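A.B. asks: Predicted coordinates and the sequence they were generated for:
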Protein chains: 2
Amino acid sequence: MYSDILANVARHITLTPDEATIFTALLTPQQVARHGTLLVAGEPAPYLTFVVRGCVRTYATDAQGKEHILAFATDGWWCTDNTAFFNRVPATLTLQALEATEVLHLTLAHLEQLCQQVPKFERFFRVLSQNGYQLLQRRLEAHLKLTAEVRFTNFQRQHPRLNQRVAQKHIAAYLGVTPEFLSLLRKKNRPARIS
Amino acid sequence: MYSDILANVARHITLTPDEATIFTALLTPQQVARHGTLLVAGEPAPYLTFVVRGCVRTYATDAQGKEHILAFATDGWWCTDNTAFFNRVPATLTLQALEATEVLHLTLAHLEQLCQQVPKFERFFRVLSQNGYQLLQRRLEAHLKLTAEVRFTNFQRQHPRLNQRVAQKHIAAYLGVTPEFLSLLRKKNRPARIS
DNA sequence: CGTCTATTTGAATGTACTCAAAAGCGGTGG
DNA sequence: CCACCGCTTTTGAGTACATTCAAATAGACG
């Protein structure tokens, strides 16, 4: 059950068996049904969440009611509304499972306790934060530099799995275009039919 | 000389006089002339940099040679190419002073030494990274949700100082529009002349 | 003071969106 | 397990937002 998350942690810090036990004891498992929510905008964000198996989308809703996806999290990724979680303020983002999903939750109190008891974790969460930062920066750069068409081909190349696994409209909401326009782009890139 | 950076650190952690001394001893001051560079894309990014006084822009150059500004850093802000600095890989971003600027540099080796000697700093840099993350996320959301016009009015409201201090073309490069289009938006928002 | 760069203005164009409707596909219940 | 209903994707026409290119004007730095 905890092997995936321990492997994830092991990518950055090395734990003794005792430390691993302290860690896993602080986690809360949850099963989320397809279309179920892990966090709803407006409510507190009590957890930093590790996706063991499944797929979660993190999205913001704008004034017109449109949804904009900031991130997908599949097997082995972390997700939450960072701002809300770390500052204990109400969430502005919603996290929803796109498939039946199995997660492990860590509260901020437990995170802090963990950093106290096993200071190595301070480093782990710093690295986690930095990785998230780098991903976001690459996305912002992509939006500043590239057209929707190029962003889409890059997405297909960089995330072939997600491209299969996730509905078009969600990919559109992630790329920052309308589903209709994404459909056009797909058509355009589709090789002409041989008669 | 170090009072500004110590005040900045004090926002998140409390240092003893000795710890403050350890910290400041690891910093390297530099004066950068207007239009001088602190870091050039393609080269290593040896420093995490604190701006004591002045203004720095962090930008990426695209395939067509256009510059896209990811961040401005004025008095009291940190800047670097995060990815390059923490992973010791060549920079993809360039940092350029927009005015005569006074900075303090910290190398990654010194940062790590500092975290060893004064573990509180581990927390400080985690918070710094999280703050950066939150700023980036807000920007990405703005790009996904808002038109250039709204992004611009928000920018004026949220950064009135920068709006005065920085050339239009740089604000355009930050907002993700052409200078010509920003000029149009300004004209549009300018109250009609009373005859 | 002169030159060089930044900003403004305008016309033509392209990229992406809106609205509407048809076609396709998939999950759920029978 | 199949069929239906509802949601997703496709298609198309018209439109809006933003860009490109070119040229004139304004402004700043040495």
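C.D. replies: It's in. Numbering: from 1, shown residues only, chains lettered A, B, ... in the order given.
A.B. asks: who in chain A is up against DNA strand D?
C.D. replies: A:A167, A:Q168, A:K169, A:P179, A:E180, A:L182, A:S183, A:L184, A:R186, A:K187 (C-beta under 7 Å from any atom of the strand). From N, CA and C alone the C-beta is placed, and that goes for glycine too.
A.B. asks: contacting residues for the third one?
C.D. replies: Translated: A:K169. A:P179 (C-beta atoms under 8 Å, 6 or more residues apart in numbering or on different chains).
A.B. asks: center of chain A - which residue?
C.D. replies: A:A73 (3.2 Å; C-alpha atoms, centre = their mean).
A.B. asks: right, and it touches A:V51 too?
C.D. replies: Yes. Contact status for A:A73 versus A:V51: in contact at 4.9 Å, counting by C-beta atoms under 8 Å.
A.B. asks: who touches both of the two?
C.D. replies: A:C79.
A.B. asks: Make sure A:T49 is indeed in a helix.
C.D. replies: No. The assignment for A:T49 (DSSP: H, G, I helix; E, B strand; the rest coil) gives strand, which keeps it out of a helix.
A.B. asks: picking up where we left off before, can you redo the residues of chain A next to DNA strand D as a markdown table with distance to DNA strand C?
C.D. replies: Shown next, in a markdown table, are the residues of chain A next to DNA strand D (distance: C-beta to the nearest atom of the strand, whole Å):
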| residue | distance to DNA strand C |
| --- | --- |
| A:A167 | 9 |
| A:Q168 | 11 |
| A:K169 | 11 |
| A:P179 | 8 |
| A:E180 | 4 |
| A:L182 | 7 |
| A:S183 | 9 |
| A:L184 | 7 |
| A:R186 | 13 |
| A:K187 | 13 |
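A.B. asks: got a markdown table for those residues, with pLDDT too?
C.D. replies: Compiled in a markdown table, these are given as follows (pLDDT from 0 to 100):
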| residue | pLDDT |
| --- | --- |
| A:A167 | 97 |
| A:Q168 | 97 |
| A:K169 | 97 |
| A:P179 | 97 |
| A:E180 | 97 |
| A:L182 | 98 |
| A:S183 | 97 |
| A:L184 | 96 |
| A:R186 | 96 |
| A:K187 | 94 |
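A.B. asks: Selection in PyMOL covering whichever of the residues you listed are buried, please.
C.D. replies: Buried residues within the residues of chain A next to DNA strand D, by 16 or more other C-beta atoms under 10 Å in any protein chain shown, are selected in PyMOL with:
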select buried, chain A and resi 182
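A.B. asks: Sort out for me which of the residues of chain A next to DNA strand D are in helices.
C.D. replies: A:Q168, A:K169, A:P179, A:E180, A:L182, A:S183, A:L184, A:R186, A:K187 (DSSP state H).
A.B. asks: what's the most distant pair in the residues you listed?
C.D. replies: Spanning the widest gap among these are A:K169 and A:K187, at 15.7 Å by C-beta to C-beta.
A.B. asks: Buried residues, stretch A:88-103. List them.
C.D. replies: In stretch A:88-103, counting by 16+ other C-beta under 10 Å, buried: A:A91, A:T92, A:L93, A:T94, A:L95, A:Q96, A:A97, A:L98, A:T101, A:E102, A:V103.
A.B. asks: Next: stretch A:29-47.
C.D. replies: For stretch A:29-47, by 16+ other C-beta under 10 Å, it's A:V32, A:L38, A:L39, A:A41, A:A45, A:P46, A:Y47.
A.B. asks: Nearest residue to A:A173 in space, please, no chain neighbours.
C.D. replies: What sits nearest to A:A173 in space, not counting adjacent residues and going by C-beta to C-beta, 6 or more residues apart in numbering or on different chains, is A:I69, at 4.4 Å.
A.B. asks: Hmm, A:H170 and the one you found touching each other?
C.D. replies: Yes. Here A:I69 reaches A:H170: they are 6.1 Å apart, a contact under C-beta under 8 Å.
A.B. asks: what residues are shared contacts of those two?
C.D. replies: A:R57.
A.B. asks: check whether the lengthiest helix in chain A contacts DNA strand C.
C.D. replies: Assignment by DSSP H gives helix A:120-145 as the longest helix of chain A. No. Using C-beta under 7 Å from any atom of the strand, helix A:120-145 stays clear of DNA strand C, with a minimum separation of 9.8 Å.
A.B. asks: Run the angle between that helix and helix B:120-145 for me.
C.D. replies: 30 degrees (axes from the mean of the first three to the mean of the last three C-alpha atoms, to 10 degrees).
A.B. asks: Now do the same for helix A:120-145: mean pLDDT, whole number.
C.D. replies: The pLDDT scores in helix A:120-145 average 92.
A.B. asks: Now that helix: buried residues?
C.D. replies: Quick answer for helix A:120-145 (16+ other C-beta under 10 Å): A:120-134, A:136-137, A:139-145.
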